[in-house]
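In: Got a predicted structure plus its sequence, pasted below:
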Amino acid sequence: MAPRRKSPLRVAIVGAGKVGTVLGRVLTEEGARITAVVSRRRSSARAAATFLRCRVYADALTAIPPETGIVFITTPHDAVRGVAETLARLEGLDFHRMSFCHASGMLTAAVLAPLEERGSAVFSFHPLQTFPRSFPPRALVSSARGIWYGADGSRRALLVAGRLARALRGRLLEVPPELRELYHATCVVASNHLNALLAVIREMSSAVTGEAEPSLEPFRPIIGATLKNVFATSPAAALSGPVARGGVGTVGKHLEAVRASVPALLPYFTRMTLETVRLAAAGGSLAPAPREALEVLVSSFTRELQHQGKT
């Protein structure tokens with residue numbers, strides 16, 4: 001006898017922003033059914049529902065059909081608790097059969113306690129991906145398929161979370177609730193700080209070329225190769241350049257050049273040079289003597305910055 005196929009997930013989306021709309025579209029394309037889209041503004045719910053091929057849209061949570069299996073709350077994180085409290089007061093839903101999750105990176109499953117008290121499985125389900133506001137949802141769908149989701153909850157809830165992740169062709173990263181803020185800060189480094197780094201490259205390139213808004217295209221190959229090498233080995237093993245070679249003289253000239261041409265970036269450059277020194281030493285490519293020399297060199301520039309800050 002052939003194994004029985006599981007019925008497709010039936011998911012209601014609460015919050016018609018980028019995250020809910022994009023992930024809802026992935027679910028739709030992967031065979032799940034979006035049972036309803038609810039948003040504070042009916043017009044937003046209607047637009048998202050059209051994109052998700054969903055007939056039910058509304059500005060009230062009472063529109064969620066009773067056959068819904070998972071309610072995915074994708075509102076801003078400061079609205080999640082209020083949504084959970086309102087949902088928990090609804091009549092006509094079989095809470096013992098349903099599961100509820102939210103997409104906030106900062107909040108744990110505990111914020112959904114009112115729903116857990118009604119007998120539902122609750123979990124956090126934060127997508128480790130960027131959803132820029134300036135991009136239309138259709139442009140983000142391909143990058144949202146196959147990503148990781150930071151999750152916490154009971155064992156029962158994480159089983160549901162795993163099924164939802166698989167429906168999105170994704171994977172779970174279990175996050176201890178007490179480390180949720182650190183997890184989210186790590187995500188910020190992976191995305192927002194990377195944006196800031198690329199902006200630094202662009203500003204330094206502007207000083208070199210004289211262009212007000214230089215293209216990052218010349219740096220695409222070296223950035224791509226660096227990422228490829230890091231994921232093939234490790235950050236320490238993929239490290240190259242003057243710090244890894246112990247090139248104290250070269251680093252000194254770099255610091256002087258940054259101070260002369262883009263002085264606003266000198267605090268960044270000194271801090272990241274020290275982090276590179278630490279990485280190179282941990283990876284074994286930098287011996288103690290050149291490490292000490294590099295730290296002394298960078299410290300001289302750091303003291304200069306501190307002195308300027310006091311004057």
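Out: Received the coordinates, thanks. Numbering: from 1, shown residues only.
In: Can you pull out the residues in contact with the top helix by length along the chain?
Out: For the chain, the helix that runs over the most residues, judged by DSSP state H, is helix 288-310. Applying CB atoms under 8 Å, 6 or more residues apart in numbering, the contact partners of helix 288-310 are 243, 246, 248, 251-252, 255, 259, 266-267, 270, 273-274, 277, 280-281, 286. Backbone N, C-alpha and C define where each C-beta goes, glycine included.
In: do that again at 10 Å, thanks
Out: Residues outside helix 288-310 that contact it (CB atoms under 10 Å, 6 or more residues apart in numbering) are 242-249, 251-252, 255-256, 258-259, 263, 266-267, 269-274, 276-278, 280-281, 286.
In: Walk me through the domains of the chain.
Out: Per the record, the chain has its domains at 10-175, 216-310, by automatic domain parsing.
In: Let me see the ranges of the helices in the stretch 201-311 of the chain.
Out: 220-232, 242-245, 248-261, 266-283, 288-310 (DSSP state H, counting those that start in this stretch).
In: Out of the ones you listed, which one sits most buried?
Out: Stretch with highest mean neighbour count among the helices of the stretch 201-311 of the chain: helix 242-245 (a mean of 20; mean count of other CB atoms under 10 Å).
In: what's in contact with that helix?
Out: Contacts of helix 242-245 (CB under 10 Å, 6+ apart): 236, 238-239, 248-254, 272-281, 283, 285-286, 290-291, 294, 298.
In: ok, now with 6 Å
Out: With CB atoms under 6 Å, 6 or more residues apart in numbering as the test, helix 242-245 has contacts from Thr250, Val251, Thr276, Val277, Ala280, Ser285.
In: Rebuild the helices of the stretch 201-311 of the chain as JSON lines, extending it with mean pLDDT and distance to Gly170.
Out: Shown next, in JSON lines, are these (pLDDT from 0 to 100; distance: least, CB to CB, whole Å):
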{"stretch": "helix 220-232", "mean pLDDT": "97", "distance to Gly170": "18"}
{"stretch": "helix 242-245", "mean pLDDT": "96", "distance to Gly170": "35"}
{"stretch": "helix 248-261", "mean pLDDT": "96", "distance to Gly170": "40"}
{"stretch": "helix 266-283", "mean pLDDT": "96", "distance to Gly170": "30"}
{"stretch": "helix 288-310", "mean pLDDT": "87", "distance to Gly170": "41"}
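In: Can you lay out these as JSON lines showing distance to Leu27?
Out: Formatted as JSON lines, these follow (distance: least, CB to CB, whole Å):
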{"stretch": "helix 220-232", "distance to Leu27": "27"}
{"stretch": "helix 242-245", "distance to Leu27": "44"}
{"stretch": "helix 248-261", "distance to Leu27": "47"}
{"stretch": "helix 266-283", "distance to Leu27": "39"}
{"stretch": "helix 288-310", "distance to Leu27": "49"}
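In: Of the ones you listed, which is nearest Trp148?
Out: helix 220-232 (13.9 Å; CB to CB).
In: can you give me the strands for the stretch 51-200 of the chain?
Out: With strands called from DSSP state E, counting those that start in this stretch, the stretch 51-200 of the chain shows them at 57-58, 70-73, 99-102, 121-127, 148-153, 171-174.
In: coming back round to it: redo the domains of the chain as TSV? Include distance to Val200.
Out: As requested, the domains of the chain are exported to TSV (distance: least, CB to CB, whole Å):
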stretch	distance to Val200
domain 10-175	18
domain 216-310	6
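In: deepest of the ones you listed, which one?
Out: Note that of the domains of the chain, domain 10-175 is the most buried (mean count of other CB under 10 Å), with a mean of 19.
In: Show the pLDDT at Arg133.
Out: pLDDT recorded at Arg133 is 89.
In: wait, which of the helices of the stretch 201-311 of the chain is closest to Glu178?
Out: helix 266-283 (26.3 Å).
In: what sits up against the closest one?
Out: Against helix 266-283 from outside (CB under 6 Å, 6+ apart): 236, 239, 243-244, 258-259, 286, 291, 294, 298, 301-302, 305.
In: and if you look at stretch 46-64?
Out: With contact meaning CB under 6 Å, 6+ apart, stretch 46-64 is reached by 12, 16, 21, 24-25, 28, 34, 36-38, 42, 45, 86-87.
In: same question, stretch 159-166
Out: Ser99, Ala121, Phe123, Phe125, Tyr149, Ala151, Arg171, Leu172.
In: Tell me how far that stretch lies from the chain's centre.
Out: 19 Å (CA atoms, centre = their mean, to the nearest Å).
In: Extract the CA atoms of it and return them as CSV.
Out: Extracted C-alpha coordinates of stretch 159-166, given in CSV (Å, rounded to 0.1, in the frame of the first residue of the first chain):
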residue,chain,number,x,y,z
LEU,A,159,7.6,19.6,15.2
VAL,A,160,5.1,21.9,13.6
ALA,A,161,7.8,24.5,13.0
GLY,A,162,9.8,21.9,11.2
ARG,A,163,6.9,21.0,9.0
LEU,A,164,6.4,24.7,8.2
ALA,A,165,10.1,25.1,7.4
ARG,A,166,10.0,22.1,5.1
